[in-house]
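>>> quick one, structure for this:
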Amino acid sequence: MVYGLRYYYRLSGMNREAIALPSLKKDSKLPVILNRQELKELFAAPTLLKQRIVLTLIYSAGLRGQEVINLKISDIDFDRKTIHIRQSKYKKDRVVPLAGSMAIGLKKYLKSENPHIWLFNGKEPDGRYSVRGLSRVMRENLKKTSIAKEANLHSLRHSYATTCLNRG
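Residues are numbered from 1 along each chain as shown. Here you go, the predicted model:
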């Protein structure tokens, strides 16, 4: 309601009244972080190789859901052990390290699934996986574990960052 009134005041030329309205602040909460044991349990839950690989890749490289679905096979450099993230948040490119164990898992996945352009094929019109599909994979596999935390897909990114900080 506050933002609707602010918009109305600005349209009506009453900018002073719009500025005087209070601003609304979100509650700041700490992100959900999964510990090492919870991560092991989560990564053991999927029965499909594709689901296990996508969840471990998100954690091992600290990726966002949107970044994962936009990955092409050509973005993975097994020789340099890097992943090229293209046009991510704020339209920036970046390169992230690819863990050795993750490279082995990805090679196994590529051999068994044989994706075409996108690293993870899905049911979207362009052949990609959807972020909603990724979130569903996370939710369904969380149900198979004993994890009681309110974790989501982005919790894997937060867990990665926390692990990196703890390791110096």
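
>>> who's in contact with residue 103?
Under the criterion of C-beta atoms under 8 Å, 6 or more residues apart in numbering, the contact list for residue 103 reads 78, 81. Bear in mind the C-beta positions are built from the backbone N, C-alpha and C, glycine included.

>>> average pLDDT across the helix or strand hosting it?
Residue 103 is part of helix 100-113, with elements assigned from DSSP states H and E. For helix 100-113, the mean pLDDT works out to 95.

>>> quick check: next helix or strand after it?
Once the chain leaves helix 100-113, the next helix or strand it forms, by DSSP H and E, is helix 131-143.

>>> I'd like the average pLDDT over that next one.
Regarding helix 131-143, the rounded mean pLDDT is 95.

>>> now residue 97. Its backbone dihedrals?
Residue 97 has phi and psi values of phi -70, psi 150 when expressed as degrees, to the nearest 10.

>>> I figured it hits residue 63, correct?
No - assessed by C-beta atoms under 8 Å, residue 97 is found out of contact with residue 63, at 11.6 Å.

>>> these two: which is more packed in?
Set residue 97 next to residue 63 and count neighbours by other C-beta atoms under 10 Å: residue 63 wins out with 23 against 13.

>>> since we're on residue 134, how many residues are nearby?
Residue 134 has 21 neighbours, counted by other C-beta under 10 Å.

>>> and the pLDDT for the closest residue to it other than its chain neighbours?
Nearest residue to residue 134 in three dimensions, chain neighbours excluded: residue 65, at 5.0 Å (C-beta to C-beta, 6 or more residues apart in numbering). Per-residue pLDDT puts residue 65 at 94.

>>> count of neighbours near residue 65?
Around residue 65 there are 22 residues (other C-beta under 10 Å).

>>> next up, the contacts around the closest residue in space to residue 66 that isn't next to it in sequence.
Among residues not flanking residue 66 along the chain, residue 131 sits closest, at 6.0 Å (C-beta to C-beta, 6+ apart). Neighbour list for residue 131: 65, 66, 69, 153 [criterion: C-beta under 8 Å, 6+ apart].

>>> need the buried ones from these selected in PyMOL.
Filtering those down to the buried ones (16 or more other C-beta atoms under 10 Å) takes a single PyMOL command:
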select buried, resi 65+69+153
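
>>> go through the contacts of residue 131 and name the one nearest residue 119.
Set against residue 119, the nearest of the contacts of residue 131 by C-beta to C-beta is residue 69 (8.7 Å).
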